[in-house]
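Novice: Here is the input, now give the coordinates:
(one chain, ligands or ions: 2)
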Amino acid sequence: MTTLEQITSCMDAYDPEALAVDQARAVVRAFITPVATNERLAVRSALGRVLAEDIVSTLDVPAHDNSAMDGYALLHSELAPEAETVLRLAGSAYAGRQFEGSVGKGECVRIMTGAVMPRGTDTVVIQELVQAEGDSVRIPAGQKRGQNRRLAGEDLAVGKAVLRSGTAIGPAQLGLLASLGLAEVAVRRRLRVAFFSTGDELCSVGTQLAEGEVYDSNRYTLYGMLSRLNCDIIDMGVVRDDPVSLEHALKTAAADADAVITSGGVSVGEADFIRELLGKLGEVVFWKIAMKPGRPMAFGKIAHAGNAAHFFGLPGNPVAVMVTFYQFVREALLALSGRNDDCALPLLQAPCTAAIKKNPGRTEFQRGILAPDDHGQWRVCPTGAQGSGVLRSMSEANCFIVLEHGRGSVKPGEQVQVQLFDGLV
Ligand code: AMP
Ligand code: MG
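Specialist: Ligands and ions are numbered 1, 2, ... in the order given. Model prediction:
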């Protein structure tokens, strides 16, 4: 097993006190060991799971050449090159039924979408272009050989690798599996993710706030983000800032989960006793990441009672929780769940409507609203207050404005990078 120390000792300029976002991401990626247990599920139940086998086509899909449109099937060489042609109707071909007749010289066949191309035809002319009167079908000039015909195997051909192990199963993959006639597939098991909030000031919803308390919102955003990732969720509630409660909670979580996420308690003033506890349970590094929001974060692995879990100690501030989750935890959990594709969130470019003050030397994740202007040009505007405690900024936004590490202030109209919230699985 590779240790965090082995990973970080190979990195140029690794400084846990001022770690660049990309470096932190690279350490996390290198340290993740995916879960290995599989199960077989009915295809529908596999939605949102990760495929655990390569799927190779055993069929041609479609199985036969067939018509892509309602119209008339004919042999292209029967048509006059530059004039209209009148053909005789020899019958009709329907989807799902064998066409019993034959198509001779000067003939065509009425054909429905999905019907197998009758032997002796290679082209379909859509019905809207044709004048049909009784048995006589008038075809205008200008038809292309092979038009409106779907070829056997054009979607999937026998022996073709269709889906790779490690692929996320979404609606298209479900349909693809079904089009091969598969009723079951092998998938990785769901991740078990335990989380709790830390802080003596936290109050659970449904109870009265006492002086100096705040409601615990982080467990709700975490619940939402983890649900979208299709994890099995173990909500461990609020844990007080005392070593005995924390040790108990960490041990319980480490014994039971693939990943443990905490919020709060990793900032400088608070880190000391949690650092010591985590050191006893495994290998955890404490970072000050060169980013805003989300500077303090702990990462590693903790073990108890024969089980090991990846550990993410997120900051306490509500916006920082969401930013660090989307920038580090999301990708890590997807890799842990067995995904082998690049799960990084796409970065788009858009002009920014407002000035943003920024110093080079850290990555910033401002909350923005991407929308078209009056001319249909997409541009992004920062939401108002950007404090790391202002959760409203996340709720109003539909994207992060990602201001990269080396960048300085942004002038109105300058291009910035944008990461859309929509589609965050
Ligand atoms: P900490 O990282 O524990 O120092 O917390 C930083 C800030 O985030 C403090 O203002 C906390 O009150 C706040 N905070 C921590 N945990 C939560 C939580 N679960 N829900 C809402 N606010 C929190
Ligand atoms: Mg705290």
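Novice: which residues are contacting stretch 278-290?
Specialist: Contact with stretch 278-290 is made by 3-5, 8, 16-21, 24, 27, 247, 250-251, 254, 266, 271, 275, 295-304, 308, 311, 313, 361-363, 405, as judged by CB atoms under 8 Å, 6 or more residues apart in numbering. All C-beta atoms are positioned from the backbone trio N, CA, C, and that covers glycine.
Novice: In contact with Ala355, which residues are there?
Specialist: Contacts of Ala355 by CB under 8 Å, 6+ apart are Ser409, Val410, Lys411, Pro412.
Novice: Burial check on the closest residue to ligand 1 within the chain, number of neighbours?
Specialist: In the chain, no residue comes nearer to ligand 1 than Gly316, which is 2.3 Å away by CB to the nearest ligand atom. When neighbours are counted by other CB atoms under 10 Å, Gly316 registers 23.
Novice: got it, and the one 3 residues further on?
Specialist: As a burial measure, the neighbour count of Val319 was computed by other CB under 10 Å and equals 24.
Novice: does any part of the helix or strand encompassing it sit near ligand 1?
Specialist: Assessed by DSSP states H and E, Val319 sits inside helix 318-324. Yes: judged by CB under 6 Å from any ligand atom, helix 318-324 comes into contact with ligand 1 through Pro318.
Novice: Identify the bridge partners of the residue lying closest to Gln415 once chain neighbours are set aside.
Specialist: The spatial neighbour of Gln415 that comes closest, neighbours along the chain excluded (CB to CB, 6 or more residues apart in numbering), is Gln349 at 5.1 Å. Beta-bridge pairing of Gln349 under DSSP bridges involves Gln417.
Novice: same deal with Arg367?
Specialist: Phe400.
Novice: Confirm for me that it is in contact with Ile401.
Specialist: Yes: if you go by CB atoms under 8 Å, Arg367 and Ile401 touch, sitting 7.4 Å apart.
Novice: any shared contact partners between these two?
Specialist: Pro382.
Novice: Tell me the residues of the stretch 251-400 of the chain that contact ligand 1?
Specialist: So far as CB under 6 Å from any ligand atom goes, the stretch 251-400 of the chain lies against ligand 1 at Ser263, Gly264, Gly265, Ser267, Glu270, Pro315, Gly316, Asn317, Pro318.
Novice: try it again with 5 Å
Specialist: Gly264, Gly265, Ser267, Pro315, Gly316, Asn317 (CB under 5 Å from any ligand atom).
Novice: Kindly reformat the residues you listed as CSV containing secondary structure.
Specialist: Shown next, in CSV, are those (DSSP: H, G, I helix; E, B strand; the rest coil):
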residue, secondary structure
Gly264, coil
Gly265, coil
Ser267, coil
Pro315, coil
Gly316, coil
Asn317, coil
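Novice: Farthest pair within the residues you listed?
Specialist: Gly265 and Asn317 (12.0 Å; CB to CB).
Novice: Tell me how many other residues surround the closest residue to Ile356 other than its chain neighbours.
Specialist: Among residues not flanking Ile356 along the chain, Val410 sits closest, at 4.2 Å (CB to CB, 6+ apart). Per other CB under 10 Å, the neighbour tally for Val410 reads 21.
Novice: how is this protein carved up into domains?
Specialist: Listed by automatic domain parsing, the domain ranges of the chain are 4-37+189-336, 39-60+163-188, 66-150, 348-420.
Novice: Identify whichever of those domains lies nearest to Leu156.
Specialist: Closest among those, using CB to CB: domain 39-60+163-188, at 4.3 Å.
Novice: Is the residue nearest to Gln415 in contact with Glu404, as I believe?
Specialist: No: if you go by CB under 8 Å, Gln349 and Glu404 don't touch, sitting 11.9 Å apart.
Novice: Spell out which residues are contacts of both of these two.
Specialist: With CB under 8 Å, 6+ apart, Gln349 and Glu404 have common neighbours Gln417.
Novice: Surely His248 is in a strand?
Specialist: No: counting by three-state DSSP, His248 is not part of a strand but helix.
Novice: Now that we're looking at it, what pLDDT does it have?
Specialist: On the pLDDT scale, His248 is placed at 97.
Novice: One more: the one 10 residues further on?
Specialist: Predicted confidence (pLDDT) for Asp258: 98.
Novice: need the contact list for it.
Specialist: Contacts of Asp258 (CB under 8 Å, 6+ apart): Val35, Leu191, Arg192, Val193, Ala309, His310, Leu336.
Novice: Now with 10 Å, please.
Specialist: With contacts defined as CB atoms under 10 Å, 6 or more residues apart in numbering, Asp258 is in contact with 33-35, 189-194, 231-232, 307-310, 333, 336-337.
Novice: Quick check on those: which are buried?
Specialist: For the contacts of Asp258, a burial check counting by 16 or more other CB atoms under 10 Å picks out 34-35, 189-194, 231, 308-310, 333, 336-337.
Novice: So which of these are in strands?
Specialist: Arg192, Val193, Ala194, Ala308, Ala309, His310 (DSSP state E).
Novice: Nearest to Lys144 among those residues?
Specialist: Val193 (55.0 Å).
Novice: Am I right that that closest one is in contact with Cys231?
Specialist: Yes: between Val193 and Cys231 there is a contact at 4.5 Å, judged by CB atoms under 10 Å.
Novice: Now do the shared contacts for these two.
Specialist: Ala257, Asp258, Ala259, Leu333, Leu336.
Novice: could the residues of the stretch 251-400 of the chain next to ligand 1 be laid out in CSV, adding pLDDT and distance to Lys357?
Specialist: Formatted as CSV, those follow (pLDDT from 0 to 100; distance: CB to CB, whole Å):
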residue, pLDDT, distance to Lys357
Gly264, 94, 28
Gly265, 90, 30
Ser267, 83, 24
Pro315, 95, 22
Gly316, 95, 25
Asn317, 96, 20
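Novice: Alright, I will stop here.
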